[in-house]
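Asks: need coordinates for the below:
(2 chains)
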Protein chains: 2
Amino acid sequence: MLMSYETSLELLKAHIKPYEKVEKIALTQCLGRILAQNIKAPQNQPEFPISAMDGYALKFDEQDKPLRVLGTTPAGKMPEFKVESGTCVKTFTGSLMSEGSDTLVPVENVELKEGQIYIKEAVKKGFAVRKVGESYQKGELLLAKGTKLDYSEIALLAELGFFHISVFVRPVVGVLSSGSEIKDLGEILENPAQIRSSNHIALANLAQKLGCEARVFPLLKDEEKLTQSTLENALKTCDILITTGGVSMGDFDFLKKAVREYEVIIDKVDIKPGRHIKIAQFEEKFILALPGFPYSAMVMFNLYARELLNAWLLQPKDYVCKAFLQGVYKRKSPHLEFVACNVEFQNGRIVANLKGKKEGSSAIINNLNHKAALMIVPKESEILENESLVEVIFMP
Amino acid sequence: MLMSYETSLELLKAHIKPYEKVEKIALTQCLGRILAQNIKAPQNQPEFPISAMDGYALKFDEQDKPLRVLGTTPAGKMPEFKVESGTCVKTFTGSLMSEGSDTLVPVENVELKEGQIYIKEAVKKGFAVRKVGESYQKGELLLAKGTKLDYSEIALLAELGFFHISVFVRPVVGVLSSGSEIKDLGEILENPAQIRSSNHIALANLAQKLGCEARVFPLLKDEEKLTQSTLENALKTCDILITTGGVSMGDFDFLKKAVREYEVIIDKVDIKPGRHIKIAQFEEKFILALPGFPYSAMVMFNLYARELLNAWLLQPKDYVCKAFLQGVYKRKSPHLEFVACNVEFQNGRIVANLKGKKEGSSAIINNLNHKAALMIVPKESEILENESLVEVIFMP
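Replies: Numbers count the residues shown, from 1 in each chain, chains lettered A, B, ... in the order given. Here you go, the predicted model:
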C-alpha cells in the first residue's frame, strides 16, 4: 500500500531541523527576504506631538478670538515659540507642535490679517495633531522573526533607523534534470523523439519565487555511473537538491537507485501526479527526486519543497483555502489528486473551475499557466459536485 | 469642488499613450517580465504518440495472448521496431510509441517469461498514450502579448524551443522624496523634529514589484530653486517620476509649484488619503506628486502609478474584489476613503477586517504591514455595516 499524503508530510516534517543560516544585508536589498530577528519599537512613534496638516498650532479653547502669530515652525526644526494665551504658531505638516498648543487649525479655516489669525471654522480638540505613540508604542512587537519583508515592512524598518538587517540566508535549491530524451535551452533536437527540457527552468523559477537561490545543473543523461557521481557532486553545493526524471519503473531509471544510497524518508506516495516521488536526506540536506513530467514536477515542488522551505523560513501555510467548485469533477485515478484549476473571486466568494484546462497526462505544462491553482480531490470523493466546497492550493 | 476619483482615473487614462518599448532577453531572466508578442503553437504537442508510463506498446485487442518482445525503445531514440500481430515493444515514459501499437500496458500489469509477455491485467484502448496535440494543437494561441511570465509560462516557452524572448522594457520609475525634516538611510537625526525617510525605499520596492526599474534620487530639501532644477533633471532618466511631499498648503511646498510648470492633468482629488495629489505630463512621461505621509504615498502609488503601469504593460485590474466586512466601519472624512484592512479567506468567502489597524493620521506606515489590502469606503456610505459586501484592493 502506498503511503498517504498526510503521512508523507508528517514524515518529512519530522526530519526537518531548524534553519539557522542568517546574514546581514542592506535594507535596499531586502525585498522578499525573511526577517531573522524580532523588531520591537525602541520608542514611541511619534515621540512628540506632530502636526498632520498645514495650519496654526494653538490652544483649543481660544478659537473664538484673534490670535497673534508668534512665528513659524518649519518641518525638521525645533519649535522656537511657546504658545501662551492669545497666540499661535504657524506649523506645517510634519512639524513638531509648539509647547502650550494642543490643536492645529488648518490654513483653510483661517483668515490672516496684520499678524493675527481669525478662525472662520473651529475644529475639535486635538485636531490634526499626531498623538505620541500613534503609529506604535515603545516596546511594541512590530515585526516578528519570520516576517517576509515587503514594501511597507521595509519602509517601517527605514523609519526605525535600520540600514543593515538580519535575514535568513536564501536556501540554495539545486535543480538536476535527467533524461536521455531531453535537450537544453538553445540546443537543436536531433530527432522527433527528443524534447526540450523545461523542468530545470520552471523549478529554478519556483525556487526563486519562494526566496531561494536557484542553481541549475547541466542536464543528466540516463547513464548509471554518471548519475551517482553527479548527484553526489551536486548535493555538495545545495541545501535542497531537486532531481527530475528517472524515478519510475523504467530500465533506465538510475536516479531512483542513486537516491536510495541516501537515507530515504519517502518512497512513493498515494497521489496523482507524482506517485513515484522519493525524498532522501543527507546530513541536513534534502534530495527530492521528482518525476520527469513537467506538471508532476512543478506540483510536487509546490507540495514538498515548499513545505520544507516553509519550515526552514518560518512561513505560514497561507496558500491553502476553500473554494466553491463551478462544474462537476469526476476523479481520474484511485489516488489523492491535485488538479490544475482557475481560482476567481466573485462577489465575496472564492470559486474554482477548470475552464480551459486540458485533460491528459502530467506532461501538460500549459495547465499551470495563467496563475493556475491546484484543486485537491480527496480519496473518498468519487465526484466533486457543482457548488461543493473544495480545497485549493495556490502555487507560489 | 474636488475632482472625483473616477474622473481622475478617466482623465489619467485619456492621457496614456501605448508603451512600445520592447527588448529581447534570455529566457533564464524572464521571471515576472511581460511578454511583448503573442505565442502560438508552431506544431502539435506532442507531435507523435508518446508513452506516459513504463511498459509495453502493443495492439489493444491482443492483450489476451502472449506477445513477443521485439526490443526496447529508450526515451529520446526513434523506435526501431514495428508492432505486428503477436508482438510488442518495451517502451518507457517519454518514448515514442512504435508504429502499429495503440496502447501501453504498464510494466506492473505484465509477466515477462522467455521473451514473451503475459498480461495479468488488461487496460483500455489508448491507455498511457499521450495523444497527438494533447498539450496543444498547431496554431493555438498559448500566451497573449501582455502575459506576465511566471514559472510555468517560462517552462512552456522552453518546451517550445524559445531561448530569447521579446518582453516590454521595464519602465523606469524615479522616486524623489522631499522635505527638510527627512534624513536618509544611515544618516543621524540631529534633533527630534527630524525623521527618517521611508517613502523612497517603499515606493522603489513597490515599483520593482510592479515590474519596473526603480531609480531613487537623493533626498530633496525644501528649497525653491533646487526643487525646479532637480525635478527637471530627474525627469530626464525616468518614464514616471514620483515625488513625495511638498504638495499641500504649506509655505515650503515648492514641489507643488514646480509640478505646475508641466501639463497638469490632475490637481487634488476627493479622496482620503492623498487629496493633494498632482499628476502632470511632459511629453510621454508622467510626474506623480504624492503627499509626504508614507501611508498616503504608498496608497496613491497603488491607485495611480499602478493604473498607468497597467495600461502600459497591458495588465488586467485583477487586484480589486469584493469582500464581506467583519465589524462596522464608520467613515472618518467627507472623502472617498481607502482604509488599510486585512483580507482573509474563510470557507470559500473573502472577508475583510481591521484587526490590529491603528487609527490616526496617514503617517502610520505599519498599517500596510502584513499584506494589508485597502477597503474602499464610498462617498455615499456613512457607515459600512457588519457582513456588508465591500470593495477591496490588493496592494502589489
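
Asks: could you check how far residue A:396 is from residue B:393?
Replies: Residue A:396 sits 22 Å away from residue B:393, going by C-beta to C-beta, to the nearest Å. Where you see a C-beta, it was placed from the backbone N, CA and C, and this is true even at glycine.

Asks: if you could redo that for residue A:117, that was the one I meant.
Replies: For residue A:117 relative to residue B:393 (C-beta to C-beta), the value is 39 Å.

Asks: looking at those two, which has the bigger crowd around it?
Replies: residue A:117 (24 against 19; other C-beta atoms under 10 Å in any protein chain shown).

Asks: quick check: that one touching residue A:69?
Replies: Yes: with contact defined as C-beta atoms under 8 Å, residue A:117 reaches residue A:69; the gap is 6.2 Å.

Asks: pLDDT of stretch A:381-396, averaged?
Replies: Mean per-residue pLDDT for stretch A:381-396: 98.

Asks: mind listing what the residue in the stretch 1-150 of chain A positioned nearest to chain B touches?
Replies: The minimum distance from the stretch 1-150 of chain A to chain B, using C-beta to the nearest C-beta, falls at residue A:76 (3.1 Å). By C-beta atoms under 8 Å, 6 or more residues apart in numbering or on different chains, the residues touching residue A:76 are A:94-95, B:179-182, B:191, B:193-194.

Asks: and the residue nearest to residue A:288 when sequence neighbours are not counted, backbone torsions?
Replies: Nearest non-adjacent residue to residue A:288, counting by C-beta to C-beta, 6 or more residues apart in numbering or on different chains: residue A:242, 4.9 Å away. Per-residue torsions, residue A:242: phi -100, psi 130 (degrees, to the nearest 10).

Asks: quick check, residue A:242 in contact with residue A:301.
Replies: Yes: with contact defined as C-beta under 8 Å, residue A:242 reaches residue A:301; the gap is 6.6 Å.

Asks: mutual contacts of the two, please.
Replies: Common neighbours of residue A:242 and residue A:301, counting by C-beta under 8 Å, 6+ apart, are A:203, A:207, A:288, A:290.

Asks: is the first one part of a helix or strand, or is it coil?
Replies: Here residue A:203 takes the helix state, with states given by DSSP: H, G, I helix; E, B strand; the rest coil.

Asks: can you list the residue ranges for helices in the stretch 101-250 of chain A?
Replies: A:151-160, A:199-209, A:224-236 (DSSP state H, counting those that start in this stretch).

Asks: just put these in CSV and tack on mean neighbour count.
Replies: Converted to CSV, the helices of the stretch 101-250 of chain A look like this (neighbours: other C-beta atoms under 10 Å in any protein chain shown):
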stretch, mean neighbour count
helix A:151-160, 25
helix A:199-209, 26
helix A:224-236, 16
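
Asks: which of these sits closest to residue B:356?
Replies: helix A:151-160 (13.5 Å; C-beta to C-beta).

Asks: please parse chain A into its domains.
Replies: A:5-19+A:170-313, A:22-44+A:134-168, A:50-130, A:320-394 (automatic domain parsing).

Asks: hmm, back to that, quick one: which two of the contacts of residue A:76 are the most distant?
Replies: B:179 and B:191 (14.4 Å).

Asks: now do the strands in the stretch 51-200 of chain A.
Replies: Secondary structure of the stretch 51-200 of chain A (DSSP state E, counting those that start in this stretch): strands at A:55-58, A:67-73, A:87-91, A:103-106, A:110-113, A:116-119, A:129-130, A:141-143, A:164-168, A:172-177, A:182-183, A:195-196.

Asks: kindly present these as a markdown table, with separate columns for distance to residue A:294.
Replies: Formatted as a markdown table, the strands of the stretch 51-200 of chain A follow (distance: least, C-beta to C-beta, whole Å):
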| stretch | distance to residue A:294 |
| --- | --- |
| strand A:55-58 | 62 |
| strand A:67-73 | 64 |
| strand A:87-91 | 62 |
| strand A:103-106 | 61 |
| strand A:110-113 | 68 |
| strand A:116-119 | 70 |
| strand A:129-130 | 54 |
| strand A:141-143 | 37 |
| strand A:164-168 | 29 |
| strand A:172-177 | 10 |
| strand A:182-183 | 11 |
| strand A:195-196 | 10 |
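
Asks: mind putting these into JSON lines with mean pLDDT?
Replies: Formatted as JSON lines, the strands of the stretch 51-200 of chain A follow (pLDDT from 0 to 100):
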{"stretch": "strand A:55-58", "mean pLDDT": "97"}
{"stretch": "strand A:67-73", "mean pLDDT": "96"}
{"stretch": "strand A:87-91", "mean pLDDT": "97"}
{"stretch": "strand A:103-106", "mean pLDDT": "97"}
{"stretch": "strand A:110-113", "mean pLDDT": "96"}
{"stretch": "strand A:116-119", "mean pLDDT": "97"}
{"stretch": "strand A:129-130", "mean pLDDT": "96"}
{"stretch": "strand A:141-143", "mean pLDDT": "98"}
{"stretch": "strand A:164-168", "mean pLDDT": "97"}
{"stretch": "strand A:172-177", "mean pLDDT": "98"}
{"stretch": "strand A:182-183", "mean pLDDT": "96"}
{"stretch": "strand A:195-196", "mean pLDDT": "96"}
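
Asks: make CSV out of these and add distance to chain B.
Replies: Listed next are the strands of the stretch 51-200 of chain A as CSV, based on distance: least, C-beta to the nearest C-beta, whole Å:
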stretch, distance to chain B
strand A:55-58, 8
strand A:67-73, 7
strand A:87-91, 8
strand A:103-106, 7
strand A:110-113, 11
strand A:116-119, 14
strand A:129-130, 5
strand A:141-143, 6
strand A:164-168, 9
strand A:172-177, 11
strand A:182-183, 7
strand A:195-196, 5
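
Asks: okay, and the beta partners of the residue nearest to residue A:319 when sequence neighbours are not counted?
Replies: Distance criterion C-beta to C-beta, 6+ apart; nearest residue to residue A:319, sequence neighbours excluded, is residue A:394 at 4.1 Å. Beta bridges link residue A:394 to residue A:373, judged by DSSP bridges.

Asks: hmm, residue A:394 is touching residue A:373, no?
Replies: Yes: under the criterion of C-beta under 8 Å, residue A:394 makes contact with residue A:373 at 5.0 Å.
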